[in-house]
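Asker: Here is a sequence with its predicted model. Questions after.
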Amino acid sequence: MFLALKELKHGKFRFLMIGIITVLIAWLVFILSGLGNGLSTLSAATFKNMKADYVTFEEGSRASMSRSLLTESFVDELEKQDNVSSAAPMGATMATVLRLTPSKDSEKVDIAILGITPGSFLEPSIIEGNPLNNDKSLEVIANDTLKDKGFKIGDTLSIEGSPEKMKIIGFVENETYNHLPAIFTTLDKWRSIQFAAPGSDNGIKNPVNGIMLQGENIDPQKLNDLFHNTETVTKAEAIQGMPGYKEENGTIMMMLAFLLAISAFVLAVFFYVLTLQKSNQFGILKAIGASNAFLGKAIMSQVFLLSFISIVVGILLTYGTALILPDGMPFSLDIKLVVIYAILLLVISILSSLISIRKITKIDPLQAIGRIE
């Protein structure tokens, strides 16, 4: 460590350049991580937040709410099964809404309408206003991002292409579905919007898109065998089944993987070139008794210190960037992901130094001392 610190102090400018490159790489990795997490949250925040463990869909729907249609009567039957503590139906549809009494600055807004049973475990916590009431189908609760569009409690909304109306009585937070702000309503209200066209419910009585289940160690295969035309999956699988979710995450993960691979290559080249430049110095150290292990530890300590400081600076820059990003930007930093990527970058940096350490072990003291630069 002593040799590593002396070397860093001696070659300030050289190591500063490497440090800046590492900071920029770390900064970009954390920014991409935040964007990826923000997009996935925007796509499936409601599913991630709901206190469910499994979801029952129609068979063949590939765990997608938009392709599934079941009867609500399954709820009572599912609740009787082993390890199922509670079940709650849910429906989802997309719509465009506008305030019934539009002002000059009002605009049409795309939203996701989610039908739930008021008071069930699917109803999110209210941050302002009142919760849903099953006897008042006109009333809805909305995601608080609609406030930015000028909506407020007491506003009555008209739905484009439908005679149905909705009145906002409360706001919730962090509830988005398929990249759209969520509006929660009763199942009856949702059905009147979703199945307004005759025959669109396929003749199913009290149709829903999915049934959320609470309970540990539920056997999905047993439920599938017991209830024909159903498909029960974990909540994680249901999230993956949301339109575009898997593809979005796959794109971000591929970009991160390429960035990490490039960073490993760049850092390996930098430290290898530095090692070549100091071959005669390492030769002298080996000639006076320094072992390969000692020199290897010095290089690794040097890389660890430089990378650790650079990664910390990259994290600080990322959080600073998050403060100035527009409110509408889908950016969300997850502390767990930040720590994981920080450790991954640190490990990659240390592994990239192994090429330099291998070069040191092959240095012949006599040849290195006799080398003229």
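Answerer: Alright, I've got the coordinates.

Asker: correct me, but Gly152 touches Ile169?
Answerer: No Gly there; residue 152 is Lys. No - using C-beta atoms under 8 Å, Lys152 makes no contact with Ile169, being 11.0 Å away. Yep, even glycine has a C-beta here, placed from its N, CA and C like the rest.

Asker: If you count surrounding residues, which of those two has more?
Answerer: Each of Lys152 and Ile169 has its neighbours counted (other C-beta atoms under 10 Å); Ile169 has more, 21 against 13.

Asker: Can you name the element that comes right after the host helix or strand of that one?
Answerer: Per DSSP states H and E, Ile169 falls inside strand 165-172. Sequence-wise, the next helix or strand downstream of strand 165-172 (DSSP H and E) is strand 176-177.

Asker: how far does that next one sit from the chain's center?
Answerer: Centroid displacement of strand 176-177 relative to its chain, using C-alpha atoms, centre = their mean, to the nearest Å, is 13 Å.

Asker: can you check stretch 329-336 too?
Answerer: From the chain centre to the centre of stretch 329-336 is a distance of 7 Å (C-alpha atoms, centre = their mean).

Asker: List the buried residues of that stretch.
Answerer: By neighbour count on 16 or more other C-beta atoms under 10 Å, the buried set for stretch 329-336 is 330-334.

Asker: right, and the secondary structure at Thr232 would be what?
Answerer: strand (DSSP: H, G, I helix; E, B strand; the rest coil).

Asker: Write down the beta-bridge partners of it, one by one.
Answerer: Thr56 (DSSP bridges).

Asker: Roughly how far does it sit from Ile204?
Answerer: Distance, Thr232 to Ile204, using C-beta to C-beta, to the nearest Å: 18 Å.

Asker: Kindly report the same for Asp327.
Answerer: For Asp327, the distance to Ile204 - C-beta to C-beta - is 41 Å.

Asker: ok, the strand ranked longest in the chain: who's next to it in the sheet?
Answerer: The longest strand of the chain (DSSP state E) is strand 86-99. Strand 86-99 has its sheet partners listed here by DSSP bridges as strand 109-116 (antiparallel), strand 156-159 (antiparallel), strand 210-214 (antiparallel).

Asker: now for these, which one comes closest to Ala142?
Answerer: strand 109-116 (7.7 Å; C-beta to C-beta).

Asker: now the angle from that closest one to strand 165-172?
Answerer: 80 degrees (axes from the mean of the first three to the mean of the last three C-alpha atoms, to 10 degrees).

Asker: Mind listing the strands whichever helix or strand comes after strand 109-116 pairs with, and their directions?
Answerer: The helix or strand immediately downstream of strand 109-116 is strand 128-129, counting by DSSP H and E. Using DSSP bridges, the strands paired with strand 128-129 are strand 165-172 (antiparallel).

Asker: Show me what the strand it pairs with is in contact with.
Answerer: 97, 100, 124-132, 138-144, 146-147, 151-159, 182-185, 189 (C-beta atoms under 8 Å, 6 or more residues apart in numbering).
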